[in-house]
Structures are given as structure tokens and as C-alpha cells.
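Peer 1: Based on what follows, work out the 3D shape:
(chains A and B)
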Number of protein chains: 2
Amino acid sequence: MTDLTILGQQAKVAARTLSIATTAQKNQALNAIIQSLNTYESEILAANQKDIATAKENGISDPMIDRLLLTSERLKAMQADIQTIIDLNDPIGSMDKVWVNEDNLSIGKQRVPLGVVGIIYESRPNVTTDAACLCFKSGNAIILRGGKEALHSNKALVNAMQSALVANSFKKETIQLIEDTSRETAREFMQLNDYLDVLIPRGGANLIQTVVKTASVPIIETGTGNCHVYVDSEAQIQMAIDIVVNGKCQRPSVCNAIETVIVHEEIAANFLPQLEEALAPHKVELRADQAAKKYLTHAKDATEEDFATEFLDLILAVKTVSSLDDAMIHIDQYSTRHSEVIITDNYFTSQRFVKEVDAAAVYINASSRFTDGSVFGFGGEIGISTQKLHARGPMGLNELTSIKYVILGTGQTR
Amino acid sequence: MTDLTILGQQAKVAARTLSIATTAQKNQALNAIIQSLNTYESEILAANQKDIATAKENGISDPMIDRLLLTSERLKAMQADIQTIIDLNDPIGSMDKVWVNEDNLSIGKQRVPLGVVGIIYESRPNVTTDAACLCFKSGNAIILRGGKEALHSNKALVNAMQSALVANSFKKETIQLIEDTSRETAREFMQLNDYLDVLIPRGGANLIQTVVKTASVPIIETGTGNCHVYVDSEAQIQMAIDIVVNGKCQRPSVCNAIETVIVHEEIAANFLPQLEEALAPHKVELRADQAAKKYLTHAKDATEEDFATEFLDLILAVKTVSSLDDAMIHIDQYSTRHSEVIITDNYFTSQRFVKEVDAAAVYINASSRFTDGSVFGFGGEIGISTQKLHARGPMGLNELTSIKYVILGTGQTR
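Peer 2: Numbering: from 1, shown residues only, chains lettered A, B, ... in the order given. Predicted coordinates:
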């Protein structure tokens, strides 16, 4: 029996206790976790400094080190996120609907926890508390497998959370960390079918593809976003510029950033020079097709690969089309089905775009940057699903639940 | 490029057309499929006779041959099932909810098709029309991979459906059959990630386990049902007998049949002799633990394996417990989390059972045989999910859909 099997068994037992806890009991434990992060602050920051020192020794890039870094302020932000989770409605036990069938059975569709949730993620330690507390509130035990760069930080964070759990009569194994960060153990984790109800990978495209190919447990694919803005011939120029600049520049490294702007040829001559001017202060590199290059001063040639790439950087591809249909064909070919935007004043054009574009989020006249659990009102998210099964788009507490049919009879047989 | 890749590409193209069809267009095509099954009746029955002849040559058992057999009456029943699908509400395009967030964005959660659904199943040809028409109504293209025993029947049925599709301006590839029934092709089908949005296996435990282990596409596990009735100390004896007899005898080969009765020791002396008498005319073999055997005349010894087995036959395991907790521990250990029943007059006992037993359907004082899409009011089902992700319990049209967020803005940026 391997260690992971033991972790899995313990998680299942812990999940059973958690599944019948009241909302008040769960919120009390979450409050205790907030306190515990204060109590253990010096241990957590010291552990994080170990990770930072190792990362610097290994020549990890500055942006990566920044993602890894914990400070007193960042801990406070993590605590504030847990407070938000406390304030969310607990979905468990509520009935989506109840009806009476022709056998006079009362049939209720009740929200229940998934059971045991696995998360595989990379270096950001705030994912550790965020994922654990979202799962806890929704009644799920969690097994975390973070990146090896953040191992000491994650151990300290999980230790702080576990001590709060135990003090509140929950099992310590409600939140567990896999401390062996080898690839073999990761593979075993992805095939822990007897214990994991779902596995959610959070991270770059490579991580996610590995999980998709290796996992035999049910997974939810998250994250990669090759997102487009289509500027229709009937778009308002200034609105289109504002939305493209926001989608590209406000936070280029995130999955809901814009990677390609598609321009209707009738508006290109007017729109593109103004767009280039607006993007110039942000130092955005443009990679454009031939038709678009005519109206741009500093654009490079766009390749097929550019259109297929999630740059996650200050690079924007520009494609010209002669119709809505051509725009949608381009999107269908290259989109990762995350978030897609149309800018138009035309009612029929907007309705066709909404109906025919296949993506988790489809926007009319708004920035793709809004695809986010907090913005949507879910009070946080454990990831953004780009698959169609179970959950699509930002996943909040509801997406961490399943259902059970509860049937009340009076002796009925068939 | 393999044939399956071509099938997948064609299915994706067909799905796109289908996804924007109106409900009226879809219902018209489904009506045409009903007519077409009349038009092609002699071809279908002749093809089925070929399959039956081969099955007899290969010494297939009589019950299996009966499952494979098509008759004029059975075709009529299949047509009636399609009529039921026509009468169902089309979920596509409806909004589960619409809200306005603090950025004044209107956010709607809209039902959309999954896209391309794959089904792997065994010998019953009625699954071919049923699965295809449920997928069609919910806007999904389907790729069918039936058992090799039913190949001629399935080809004839798909041919009849395709001719109706084409006559109604839908692409023939909306419904496709994999004619190569080799294991290699099945394995390739389970890994057709670029084209399949979900794969649903329907059949015995072996088939389902193979798919779980082999598939890299998202799957929904269906079917296996090791279901229990717990007869509490406060049960009504006659109600308990009726429900156990119904659950065991009405159709022993189905997944919602009862495999084990768990009896509270305080009621065993009274209940078990009466149960044995009621089961005797049905020739049910009893396999009981020592405590239960005292009250039974013809019971064999139950082994651990008996408690873990889905008999799908006129065999019933009997387990004695001294408390509700022990009953739930037994269920937790052996249940496949399909359907679980308690018989009790006690309110608190019933509520604990409902809350703590983890299964797709939990019954108080009613037969497990009701776990069925038609009984639940879904107008049919494409299978009964025993996993927690995406769908749990009977899967109707709604479970064949995903969602898309539609966001209406007025130029908002973040």
C-alpha cells in the first residue's frame, strides 16, 4: 500500500465527517483558519523564505519568484479571501427543485459535496489556502499537490490550516498535501480512481495537457485562453479601442487576456491606426496579416502559429476579415473556447455571435477580462473550466458540488 | 489520417449546423425518423435476422438473443420512444438564470449542446435509435459504437435515420456509426480527444471498467448497481416485504434491482420468515449471514464476495445489523452508489439515512426500481450515471447539455 492510497483513504473518511457538518460549524473552522494564519505567520514566512532562497539559487526568473513570494500583506489578502468564502451561501443540502411524479413519489434534487477533490498546481501559495477553503466550504476534502518550488510554504500553510481544523473537531486529513513532488507520485495521483472524485489541474498549458493525457480520474480542464475581440463593421471605434487595450494590457499574463483582434475590413482603415496609437504607451508588439499591415506603422507579419498562440505577453495578433462568418470561422479554428468578444451596434450581428460562437463566455461590447468567479458573483473561483462537462467558465462553490436524488415514498413499488 | 479522425471532423461540422437549428426543425426531423423506420422496416428486420443467425451459430445464450431481436412490435416501441422525445421540452437556448453584476453587466447562464457525444454499448439495438434521438433533440451530434453482434441491425437503423436527416437539411454525419468493431478502433475512439466532448459507456461492468481505464476523453460512468434495502427496527413489515420482492423480482437483470437486504436484528425474527415465504414463488436464492440464517429455512452462507456482487439474478444476500450506523457502514463499503433504500416509520432515522448515505438516489419507503429517467419525468434516459461529475442518476436531455455565459455590456472594461 502506497502513501497516496493512505492519503486517499484518510481523505474519504474526513470527507464523510465534513459532508454532514453544519454551515455554522464549517464557518467557525474557516474563521479559525484565518486566526491560525496569524498565529503561524512567522513560521509561514520563514518557510517561504526557504523556498525563495532555493528558487534564487536555481536561477528562477524574477516574475516567477514574485509569484512564489509571501509577505505579511499577501497573507492578509489570503485571509480576506477566506472571509469572502465564509460570507458565501453554503450550497450543500439545498434542493435545486422538488417535484411529485405520477407514482406520487416526492423527488428532490439535492446539492451534495463531490467528496474528495484533488488539485495539481504550480507555484502560487495563495492557491493552497484558496482551493482548500473553497473545497472545505462546499463540503469536500482536498488533496493538494503543489509545485516543488513552493513545498516549504505549502507545508507551513497546510499545517496552519490543519491545526485550526483539529481545534474545531474536523479531521486533520480534511486538507492534505502531497509532500513528494516527484513525477511518479503525480502520475499515481492522477490515477487514484478509488479515492478522487475529481482532479483539477491549475497552471500552464503543459501541466494541463499532461493531466488530460495521464489521468484516469475524472478531471476538469482549466485555464488556457486564446481569446479574441471581433471588431465589427458597425462597432463604435472608441469602445473597441478601450476594450482591446483593457483586454491586452491590464494583465497580459492571465487566461482571460486578449491575444488576437479580428477587424472587419470596412472599419480597418479607421480603427487600426487609432488602436496602434492607443497601444503604443503599453509597448504592445503587433503581429498582423497583410491587409491589416497597410494601416499599421510598426506591425510584424503574423504567422499561422501566432494566431494559435496564447502569448500571455504584450503581443497582439491582428486579423482582417470581410464578414462576421469569416470572423467566426477564425475563432472556431483557433479559440480555446474560453472568452470571446464582439464589438458591434448591430442587434442581429450580436445575436448571431452569441448563438454561434462556442466558448465558456461570450461578450457583447465588454472586456473579456470580466471572466472571473468574483466578477460573476461566485465569491471566488477554483479555476476557469474550458471543458463542457460538469462545469464551464469560472467554478465557484456550486461547481464543487454534485447532486443526489432524494425520493420520499409511502410504500410504492413498480 | 485514420477513419475515426474523419468521423470526428464530420461530426464536429454536423454538430455546428445542429446547434443552431430551431426546435421545430429538430422535431420535424425526428418525425421523419419515425416515418423512415416504417419505410425501411423490411431492410431493418432482414439485417437483424442476419445478426440473429450469426448469434445462434456462435451459441449466444437465449436471453442475449432476445435482447438482440427486433420485431415489428419492438420497432413500434422504438418509434413511440422517439415520439416521447419529440414531446420533451428542448433545453437549448434557455437561460438557467440571468443576473446583473456590480459592473452593470447582464450575465446569463445559457443551455448549449455538449457538441459531439460518443456512445459505446452492447447488443440492444433500441439503444441505437434512443441514444441518437436524445442526442439529436439536445443539439448533439453522435458517434455510435455498438456491439459487433448487432452490427447489421445498427447499420440498417442508422441508414434509416440518416436518410430522414438528409431529407430535412441536416447533415447525414449528425448520426454516425463506427462499423469497425475491433478493440483497437474502440481504444482509438476512447482517445479521440480532439473531437469527442463526452463518451458514455452503456453496458456491463467489464465494458465500463475498460472505458474508465482506457479513455482520455471526458466520460460519464453509468450503470452498475449494487443496491440495498435497509429494513429498520421501526419498519412496517408488509411494506418492507413488498419493496424487497419488487426490487429483487420484478426485473432482476437491471441496475436498479436490489442485491442485498440489510435487516435490523430487532425485526429479523418477525421479518425474515415472512420475506422468505414471499420470495419462494419467485425462486429467489438467499445467501445470509449467520444471524439471519437462524430465521431462514433454505438460506446458504453469504460470503464477503456475495455482498460485493451485483447478481443481476434471482439471488438475494441478507445481512443483519444491530444499528442504523452498522447498516450505513455496510452500504458505504459495498454500494456502487446507484440506489439505496430505507424502510422505516422513524423520522430521525429516515433523515439520517438520506443525509449520510452517498448514492445517486436515496429512497425512504419506496422501491429502488423507480430510478429511471421516464419515472423521474425526464421522458427517457441515455443512461444512469454513478459518478458525481456532470450528471448523477438518470440522464435525460438536460444532462446532455452544457452551459455558456452570455454577457451583455455597454463598453465595460476592468
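Peer 1: Look at the residue nearest to A:Asp103 when sequence neighbours are not counted and say how many residues are nearby.
Peer 2: The shortest distance from A:Asp103 to any residue other than its chain neighbours is 5.2 Å, reached at A:Gln412 (Cβ to Cβ, 6 or more residues apart in numbering or on different chains). Where C-beta positions appear, they are placed from N, C-alpha and C, glycine not excepted. Close neighbours of A:Gln412, defined as other Cβ atoms under 10 Å in any protein chain shown, add up to 21.
Peer 1: contacting residues around the residue in the stretch 251-400 of chain A positioned nearest to chain B?
Peer 2: Taking Cβ to the nearest Cβ, chain B has its nearest neighbour within the stretch 251-400 of chain A at A:Ala366, 2.6 Å off. By Cβ atoms under 8 Å, 6 or more residues apart in numbering or on different chains, the residues touching A:Ala366 are A:243, A:341, B:105, B:407-413.
Peer 1: before we move on, back to that, for the residue nearest to A:Asp103, which residues make a bridge with it?
Peer 2: In this entry, A:Gln412 is beta-bridged to B:Ala366, by DSSP bridges.
Peer 1: follow-up on the earlier one: farthest pair in the contacts of A:Ala366?
Peer 2: Across the contacts of A:Ala366, the longest distance by Cβ to Cβ is 14.9 Å; it joins B:Leu408 and B:Thr413.
Peer 1: show me what contacts A:Cys133?
Peer 2: Under the criterion of Cβ under 8 Å, 6+ apart, the neighbours of A:Cys133 are A:30, A:33, A:81-82, A:85, A:161.
Peer 1: Would you reformat the residues you listed as JSON lines and include secondary structure?
Peer 2: Below are the contacts of A:Cys133 laid out as JSON lines (DSSP: H, G, I helix; E, B strand; the rest coil):
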{"residue": "A:Leu30", "secondary structure": "helix"}
{"residue": "A:Ile33", "secondary structure": "helix"}
{"residue": "A:Asp81", "secondary structure": "helix"}
{"residue": "A:Ile82", "secondary structure": "helix"}
{"residue": "A:Ile85", "secondary structure": "helix"}
{"residue": "A:Met161", "secondary structure": "helix"}
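Peer 1: residues of stretch A:305-320 that come out buried?
Peer 2: Under the neighbour-count criterion of 16 or more other Cβ atoms under 10 Å in any protein chain shown, stretch A:305-320 has A:306-307, A:309-312, A:315-320 buried.
Peer 1: Revised request: answer the last question for stretch A:65-79.
Peer 2: A:67-70, A:75, A:78-79.
Peer 1: From these, pick the one nearest chain B.
Peer 2: Using Cβ to the nearest Cβ as the measure, the one of the buried residues of stretch A:65-79 that approaches chain B most closely is A:Arg67, at 20.5 Å.
Peer 1: And what about that closest one, helix, strand or coil?
Peer 2: Classified using three-state DSSP, A:Arg67 is helix.
Peer 1: How about the contacts made by it?
Peer 2: Neighbour list for A:Arg67: A:123-124 [criterion: Cβ under 8 Å, 6+ apart].
Peer 1: Quickly note the distance from it to A:Ser153.
Peer 2: The span separating A:Arg67 from A:Ser153 equals 11 Å under the rule Cβ to Cβ, to the nearest Å.
Peer 1: And for A:Val231?
Peer 2: Distance of A:Val231 to A:Ser153, computed by Cβ to Cβ: 43 Å.
Peer 1: before we move on, what SS does A:Ala132 have?
Peer 2: Going by three-state DSSP, the state assigned to A:Ala132 is helix.
Peer 1: Number of residues surrounding it?
Peer 2: A:Ala132 has 30 neighbouring residues, counting by other Cβ under 10 Å.
Peer 1: Ok, A:Val211 next?
Peer 2: For A:Val211, the number of neighbouring residues by other Cβ under 10 Å comes to 25.
Peer 1: backbone phi and psi for the closest residue to it other than its chain neighbours, please?
Peer 2: Counting by Cβ to Cβ, 6+ apart, the nearest residue to A:Val211 once its immediate chain neighbours are dropped is A:Pro201, at 4.0 Å. Recorded main-chain torsions at A:Pro201 are phi -90, psi 130, according to degrees, to the nearest 10.
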